[in-house]
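Participant: got a structure for you, letters missing:
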């Protein structure tokens, strides 16, 4: 049973007694504009942001409950743009899990998982578990996105392509 409680937003579900708290750190990485910040805002605040604002670094906290254990989940949002390649590693110490994101409407963002994100994360967080996350699945069948990608000789990322990349993550 998972219960999400957001500071200032209340709990979504409750069940049983909560035991001693645990702190975990989750760092989210991926190309700029691939949906990292939106994912964290939806998770931590239960609302979809109206406007895209590029992130430099942002932290959120979500209190969740798993099997009657209270967990304070620190969510570290990072900038995916190349300009921040030297600053981003400051987010990595003491990380418990990495969310590695790509955008389904951007095949290049999936290619960068292999070319950039896996090497960077494995260098700074060699033994930290990685979860591959495909964002913007609502755009997979969007006519405008398909047309724009077709002009570039591309297509939205398929499940098979994502699975092949996931197999590169050890």
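Facilitator: Perfect, I can see it now. It should be emphasised that the depicted structure is a prediction, and the values quoted were computed from it without experimental measurement.

Participant: when you work out contacts or count neighbours from here on, use the C-alpha atoms and nothing else.
Facilitator: Noted.

Participant: setting the sequence-adjacent residues aside, check what's closest to residue 133.
Facilitator: Excluding its sequence neighbours, the residue lying closest to residue 133 (C-alpha to C-alpha, 6 or more residues apart in numbering) is residue 101, at 4.7 Å.

Participant: quickly run through the sheet partners of the helix or strand encompassing the one you found, with directions.
Facilitator: Using DSSP states H and E, residue 101 falls within strand 97-103. Strand 97-103 pairs in its sheet with strand 19-30 (parallel), strand 130-135 (parallel), by DSSP bridges.

Participant: quick one: what helix or strand has residue 121 in it?
Facilitator: Per DSSP H and E: helix 118-124 holds residue 121.

Participant: thought residue 149 was touching residue 156?
Facilitator: Yes - counting by C-alpha atoms under 8 Å, residue 149 does reach residue 156; the two are 7.3 Å apart.

Participant: settle it for me: which of these two has more neighbours?
Facilitator: Neighbour count, other C-alpha atoms under 10 Å: between residue 149 and residue 156, residue 156 has more, with 20 against 16.

Participant: returning to what we had before: name the residues that touch the strand holding residue 101?
Facilitator: Defining contact as C-alpha atoms under 8 Å, 6 or more residues apart in numbering, one finds that strand 97-103 is touched by 25-31, 34-36, 109-110, 113, 117, 128-137, 157.
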